[in-house]
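Chemist: Quick one, fold the following:
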Amino acid sequence: MPRRIEKIREAGREELEAQNKELTEQIFRLRFQLTTGQAEALKRLREAKKDLARVKTLLRAQELRKA
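Modeler: Residues are numbered from 1 along each chain as shown. As a prediction, this is how the structure comes out:
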């Protein structure tokens, strides 16, 4: 877990925005898989949601630093 957040913190704004878009799309696909009954999608969905929250938090922190 600590490695994951450090890796995200090192990313630039453009990379964070790209990750934001990618994770949003991934969550959409995982929700679809979950409704079709693929149980292993649940764990990946939870991880993706947490990663998306981390990315959004860092994007917001960067916005607040600029203001």
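
Chemist: Can you show me the CA trace of the helix or strand of the chain with the lowest mean pLDDT as PDB?
Modeler: Within the chain, no helix or strand scores below helix 2-9, which has a mean of 77 by mean pLDDT, DSSP states H and E. Only the C-alpha atoms of helix 2-9 are listed here, as PDB (Å, rounded to 0.1, in the frame of the first residue of the first chain):
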ATOM      1  CA  PRO A   2       2.600   2.700   0.900                       C
ATOM      2  CA  ARG A   3       4.400   2.000  -2.400                       C
ATOM      3  CA  ARG A   4       1.200   2.600  -4.300                       C
ATOM      4  CA  ILE A   5       0.600   6.000  -2.800                       C
ATOM      5  CA  GLU A   6       4.200   7.100  -3.200                       C
ATOM      6  CA  LYS A   7       4.000   6.100  -6.900                       C
ATOM      7  CA  ILE A   8       0.900   8.200  -7.300                       C
ATOM      8  CA  ARG A   9       2.300  11.200  -5.500                       C
END
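
Chemist: Spell out the residue ranges of the helices in this structure.
Modeler: Using DSSP state H, the helices of the chain run over residues 2-9, 13-35, 41-66.

Chemist: export these to JSON lines and tack on mean neighbour count?
Modeler: To be clear about C-beta, it is placed using only N, CA and C from the backbone, and glycine gets the same treatment. Output for the helices of the chain, formatted as JSON lines (neighbours: other C-beta atoms under 10 Å):
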{"stretch": "helix 2-9", "mean neighbour count": "10"}
{"stretch": "helix 13-35", "mean neighbour count": "14"}
{"stretch": "helix 41-66", "mean neighbour count": "14"}
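
Chemist: residues contacting the most centrally placed residue in the chain?
Modeler: Centroid-nearest residue in the chain: Leu52, 2.2 Å away (criterion: C-alpha atoms, centre = their mean). Residues near Leu52 by C-beta atoms under 8 Å, 6 or more residues apart in numbering: 20, 23-24, 27.
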